[in-house]
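Asks: missing the sequence, but the structure's below:
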């Protein structure tokens, strides 16, 4: 049996540590970028292989954005523009967003499993707002 120790001063070791922390750094970046979305999403979640932590070389990052009721009151165009700016910045770094309204969530969650929605409920990571199961209950 051989013991191996990572020498943190080594440049290759530093690169390995950076790669090992990449998923968490990506989630933190998405959360930071989400602070610029107005009005604030009822929910913004990452789901799929990235959320589960088993994304591969050909995986993308799936994101669900739930419009808050305020988006309708203050103008859907400004919500769409704000989310679009976030999606552009996020997709350059990570993946592809999916959008729905808070009112649509209860019906979407009633779809037979397996569905994208059952996967979001089971594996989604909340970036902003509530998880979709709580949104469905609140509706």
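Replies: Received the coordinates, thanks. It should be emphasised that the depicted structure is a prediction, and the values quoted were computed from it without experimental measurement.
Asks: what are the ranges of the helices in the chain?
Replies: 11-20, 22-34, 49-52, 69-73, 76-93, 105-109, 116-123, 132-138 (DSSP state H).
Asks: residue 99: which of those helices is closest?
Replies: Of all the helices of the chain, helix 76-93 sits nearest to residue 99, with 6.8 Å by Cβ to Cβ. The C-beta positions use only the backbone N, C-alpha and C, and glycine is treated the same way.
Asks: in this structure, what helix or strand scores lowest on average pLDDT?
Replies: Sorting the helices and strands of the chain by mean pLDDT, DSSP states H and E puts strand 95-101 at the bottom, at a mean of 69.
Asks: now for residue 40, how many residues are close by?
Replies: By other Cβ atoms under 10 Å, 15 other residues sit near residue 40.
Asks: can you check residue 89 too?
Replies: Counted with other Cβ under 10 Å, residue 89 comes out at 15.
Asks: thought it was touching residue 32?
Replies: No: look at residue 89 against residue 32 with Cβ atoms under 8 Å: they stay out of range, at 10.1 Å.
Asks: so how far is residue 5 from the spatially most central residue of the chain?
Replies: With distances taken as Cα atoms, centre = their mean, residue 46 lies nearest the centre of the chain, 2.3 Å away. Look at residue 46 and residue 5: by Cβ to Cβ, to the nearest Å, they are 33 Å apart.
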